[in-house]
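Asker: What would the 3D arrangement of this be:
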Amino acid sequence: MELELNRTYAPRGTNGHIFLQGKRVCSTIELPWKQNEPRISCIPEGKYELKKRYSLKFGWHLHVTGVNGRQLILLHAANDAQKELKGCIAPVSSLAGEGKGKGSRVALAKLISICYPVLEKGQLIFLIIQSNKQ
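Answerer: Numbers count the residues shown, from 1 in each chain. Purely as a prediction, here's the structure:
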């Protein structure tokens, strides 16, 4: 399965939308692009495999694997990229400004409900990140 993340870059944050087969699943917030610098930049555009992950801090979420020069890039709940993210991607129900959103826990639950059954069947899921097509 392939999810597509179409991004729009701005000085204070990166906003996007995740699509599955052309249908919007949720929006996303991230840090601004700062040359893939760990902990202060969103990750580069590309194709990444997603895996199930659990941690005490975030509960069940998704791990974005294979990011060059980066480790532990996650898809986890957050509503303010500058205050809550260190390079990860946060699904949100709606956008509220550059790198800001609302309803992140609801959006993450929706994404998990789509992804986990596929992963539990042993199938692969890829996230394709690209610039928003205007």
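Asker: Enumerate every residue touching the closest residue to residue 64 other than its chain neighbours.
Answerer: Closest residue in space to residue 64, ignoring its immediate chain neighbours: residue 73 at 4.2 Å, by CB to CB, 6 or more residues apart in numbering. No exception for glycine: its C-beta is placed from N, CA and C like everyone else's. Residue 73 is in contact with 43, 48, 63-64, 67, 87-89, counting by CB atoms under 8 Å, 6 or more residues apart in numbering.
Asker: I'd like the distance between residue 73 and residue 36.
Answerer: 11 Å (CB to CB, to the nearest Å).
Asker: Next, show the common contact partners of those two.
Answerer: Listed as contacting both residue 73 and residue 36 by CB under 8 Å, 6+ apart are residue 43.
Asker: Look up how far residue 121 lies from the spatially most central residue of the chain.
Answerer: Residue closest to the average C-alpha location in the chain (CA atoms, centre = their mean): residue 89, at 3.3 Å. Look at residue 89 and residue 121: by CB to CB, they are 24 Å apart.
Asker: for the longest helix along the chain, packing partners?
Answerer: As assigned by DSSP state H, the longest helix anywhere in the chain is helix 104-120. Counting contacts by 3 or more CB pairs under 8 Å, 6 or more residues apart in numbering; DSSP states H and E, helix 104-120 packs against strand 23-30, strand 46-55, strand 59-65, strand 90-92, strand 125-131.
Asker: Which elements pack onto the fourth one?
Answerer: Based on contacts counted as 3+ CB pairs under 8 Å, 6+ apart, the elements that strand 90-92 packs against are strand 23-30, strand 100-102, helix 104-120.
Asker: Can you tell me which of those is most buried?
Answerer: Highest mean neighbour count of these: strand 23-30, a mean of 21 (counted as mean count of other CB atoms under 10 Å).
Asker: separation between the residue lying farthest from the centre of the chain and residue 115?
Answerer: Distance to the chain centre peaks in the chain at residue 121, reaching 22.0 Å (criterion: CA atoms, centre = their mean). Applying CB to CB, the value for residue 121 to residue 115 is 11 Å.
Asker: Which of the residues in stretch 126-134 are classified as buried?
Answerer: Within stretch 126-134, the residues that qualify as buried are 127, 129, counting by 16 or more other CB atoms under 10 Å.
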